[in-house]
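Student: What follows is a predicted structure for the sequence shown.
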Amino acid sequence: MRVIGIDLGTTNSCVAVVEAGVPRVISNKGGYKTTPSVVAISESGRRLVGQMAKRQAITNARHTVYAAKRLIGRKWNSAAVNHCIETCPYEIVPGPHEDVRIKLRGKEYSLPEISSIILQEMKLVAEEDLKEEVTHAVVTVPAYFNDLQRQATKDAGRIAGLEILRIINEPTAAALAYGYGKDMDRRIAIYDLGGGTFDISILEISSGVFDVLSTAGDTFLGGEDFDARIIEHLAFEFARQHRVDLRKDEMSLQRLRDAAEKAKIELTSKNETEISLPFIYTREGGEALHLQTTISKETFEGLVVDLIQRTIKICQATLQDAGLEVADIDDVVLVGGMTRMPKIQEAVKEYFGRTPGKSVHPDEAVAIGAAIQGMALIEPENDVLLLDVTPHSLGIMIHGGGFEKLIEAQSTVPTSHSHEFTTIRDNQTSVKIVVFQGESPRAAENELLGEFVLTGLRPGPAGAVTIEVTFDISSDGIVSVAAKDLDTGKEQSITVTAASGLTEEEIQAMIKENESYLVQLKEGEDLEKLRAWVRKQVREVERLASLLDGSSGPQRMAGESAETVVSQARAALDEDTPSALKNSIDQLESALSDLKTFVD
């Protein structure tokens, strides 16, 4: 079977495949190797994805979703969600399970549903290229994604019609792309700064074994934040001059976003860039205001210096977790679009004491690594072995609100660990197991993953009943927890699935809706092919009929008959149904046959 690799990015997504041992990125219909991770619903209710969605974002800002990856797997009351509510033009609303939903044209979409639309687009890109159905994939996520976010990503894959064989961390995937097919024995650092997230992973590569020593990151630090600094700068200067806050107007804010992104890109190679946004705002009296300014590279670097330093501090902590010094690192590899920024390259070089390598494509390496992992899963004779780690500690809440770690951060996955606890009250017949992920000694300060109740315990004095709690983490980083009464053998368990905020019924409904959409999409494509063929045949009939102008007898009759057929074909185009178009094609081909008899 085919297994594709998908980099589900914050800003752009990418799909790759390995053929005959050679990985390659698959281009979309437009010829581009990356597709904007943007979803929109048009005024007519049509679903738009990728470049089509991005192009209409200014005029349809309220119903165009970008950077959805920053919200996936988040709880409604989280700081990240509050930040997005304040800065994003689209409507973010609470879901029924303390999750996050996005409202577009009156309909609420879950975050896995939005992500599934992008994954489905990547699936279609692959199928168009490979000329066959694709149902299996390896999908990447930021290394610092927690269990909630990973499970939500898996749900997105299911909704998109993909069986996700493995979820792997983005920097680990980049390392696979870097070391695949090479005989090396190196210790490397993958510095991955993309559109929405930052990750740093330390790995050892030797004889086809990719062993992750430590990983860390920030799931809310990326190119979007660099853009935001430019937006704030432009908005502040405009407000100072005109007493108008452009961020409060949806269309103006979207124009600022586009201008900020373009300025950021231009300043990677230029010392200064000009920003010109005519008619950016119109006052109530009709006075049009324009934004015309320049930003220097020095100004931009000053706006984001703290963001760059945040990445370096995370690098320091990751090296400490691995028990290594900077001198122990042989290579530093840059991944992610933001690493094109010269100031970032300088900061990385200064910290690690060596020039970072650019041997992998910053936008394509992650998808290629995912495809390599996909190949490794289905070809047992391959020599690629990936040993990844969990970025967060896992445990349960204990009496008094404390957090008992059962699996430490940076543990190699898959892994399992058990610990025994006792009852705290006389004749206690049940116990609630509350599962958290994080590093704080206080449970409430960590991420709640889920909870369940073990009932039917043997009554007895406090401390007399022993309960064994077992944590399992799969190679995807998905958590399962079981609790067992060692006296009676009674057991309860959960796989933490609260991540996406979706019930199984909701997921199945979304799968059916997506399948219906694909049928409509296929019917639309088939209809467009029929239209194109009718138009082509009409042009050919008209061309040949024009050669018989002024003729008499049978030639004249053939020309008049052709005119009638063309008129009927145009009516069929207006009717726009498959049956009318197919019937018209038959008539046109018959007319062409008659005309060619006389013209030839």
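Tutor: Everything's here; your move. Residues are numbered from 1 along each chain as shown.

Student: quick one: low-confidence ranges for the protein?
Tutor: Within the chain, the set of residues satisfying pLDDT under 70 comprises 494-501, 600.

Student: Going along the chain, name the helices of the chain.
Tutor: Remark: helices assigned in the chain by DSSP state H are 51-55, 79-87, 111-130, 147-159, 170-179, 223-242, 250-266, 297-322, 342-352, 365-378, 504-546, 554-575, 578-599.

Student: per-domain residue ranges of this protein.
Tutor: The chain is divided into the following domains under automatic domain parsing: 3-222+305-388, 223-304, 390-500, 504-599.

Student: among the ones you listed, which is the most enclosed?
Tutor: Sort the domains of the chain by mean neighbour count, taking mean count of other Cβ atoms under 10 Å, and domain 3-222+305-388 sits at the top with a mean of 21. C-beta coordinates here come from the backbone N, C-alpha and C atoms, glycine included.

Student: what about that one, start to end distance?
Tutor: By Cα to Cα, to the nearest Å, the extent of domain 3-222+305-388 from end to end equals 20 Å.

Student: That one: how far from the chain's middle?
Tutor: Distance of domain 3-222+305-388 from its chain centroid, counting by Cα atoms, centre = their mean, to the nearest Å, is 6 Å.

Student: what does stretch 214-227 give?
Tutor: 14 Å.

Student: end-to-end on that stretch?
Tutor: Stretch 214-227 has an end-to-end distance of 29 Å (criterion: Cα to Cα).

Student: cool, and stretch 244-258?
Tutor: End-to-end distance of stretch 244-258 (Cα to Cα): 19 Å.

Student: what's the answer for stretch 127-137, then?
Tutor: One end of stretch 127-137 sits 12 Å from the other (Cα to Cα).

Student: who's in contact with that stretch?
Tutor: 1-6, 17, 26-27, 29, 119, 123, 126, 157, 161-165, 370, 374 (Cβ atoms under 8 Å, 6 or more residues apart in numbering).

Student: and if we set it to 6 Å?
Tutor: 1-4, 6, 26, 123, 126, 162-165 (Cβ atoms under 6 Å, 6 or more residues apart in numbering).

Student: Take the residues you listed and lay them out in a markdown table including distance to residue 590.
Tutor: Below are the contacts of stretch 127-137 laid out as a markdown table (distance: Cβ to Cβ, whole Å):
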| residue | distance to residue 590 |
| --- | --- |
| 1 | 45 |
| 2 | 43 |
| 3 | 48 |
| 4 | 45 |
| 6 | 48 |
| 26 | 41 |
| 123 | 40 |
| 126 | 40 |
| 162 | 45 |
| 163 | 48 |
| 164 | 51 |
| 165 | 52 |
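
Student: Apart from its chain neighbours, what residue comes closest to residue 357?
Tutor: Leaving aside its chain neighbours, residue 357 sits nearest to residue 333 (5.1 Å; criterion: Cβ to Cβ, 6 or more residues apart in numbering).

Student: tell me the contacts of that neighbour?
Tutor: Residue 333 makes contact with 178, 188, 190, 357, according to Cβ under 6 Å, 6+ apart.

Student: how does it look with 8 Å?
Tutor: 174-175, 178, 188-191, 356-357, 359-360.

Student: Against residue 177, how distant is it?
Tutor: 9 Å (Cβ to Cβ, to the nearest Å).

Student: same question, residue 365
Tutor: Residue 365 sits at a distance of 4 Å from residue 177 (criterion: Cβ to Cβ).

Student: Just to check, residue 192 is in contact with residue 336?
Tutor: Yes. Contact criterion Cβ atoms under 8 Å: residue 192 and residue 336 qualify, at 4.9 Å.

Student: Pull up the overlap in contacts between those two.
Tutor: The contact sets of residue 192 and residue 336 overlap at residue 198 (Cβ under 8 Å, 6+ apart).

Student: rewinding a little: so of the contacts of residue 333, which ones are in strands?
Tutor: Members of the contacts of residue 333 lying in strands (criterion: DSSP state E): 188-191.

Student: Pipe these into CSV and attach distance to residue 295 per row.
Tutor: Converted to CSV, the ones in strands among the contacts of residue 333 look like this (distance: Cβ to Cβ, whole Å):
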residue, distance to residue 295
188, 35
189, 31
190, 30
191, 25
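
Student: from these, which single one is nearest residue 141?
Tutor: residue 190 (14.4 Å; Cβ to Cβ).

Student: could you list every residue that touches the closest one?
Tutor: Residue 190 touches 171-172, 174-175, 178, 199-201, 203, 333, 335, counting by Cβ under 8 Å, 6+ apart.

Student: Report the separation between the spatially closest residue to it that is not a sequence neighbour and residue 141.
Tutor: Distances taken as Cβ to Cβ, 6+ apart place residue 171 nearest to residue 190, at 3.7 Å, with adjacent residues excluded. Per Cβ to Cβ, residue 171 is found 11 Å from residue 141.

Student: what does residue 216 give?
Tutor: The gap separating residue 216 from residue 141 is 14 Å, by Cβ to Cβ.

Student: Residue 334 against residue 363, yeah?
Tutor: No. Here residue 334 does not reach residue 363: they are 11.4 Å apart, not a contact under Cβ under 8 Å.

Student: Can you tell me how far residue 165 is from residue 35?
Tutor: 22 Å.

Student: right, I mislabeled it, should have said residue 57
Tutor: 15 Å.

Student: for residue 77, same thing?
Tutor: Using Cβ to Cβ, residue 77 is found at 32 Å from residue 35.

Student: same question, residue 27
Tutor: Residue 27 is 10 Å from residue 35, where distance means Cβ to Cβ.

Student: Need the overlap of contacts for these two.
Tutor: Each of residue 125 lies in contact with both residue 27 and residue 35 under the rule Cβ under 8 Å, 6+ apart.

Student: if we can go back for a sec, quick check: of the ones in strands among the contacts of residue 333, which lies closest to residue 247?
Tutor: Nearest to residue 247, judged by Cβ to Cβ, of those is residue 191 at 31.2 Å.
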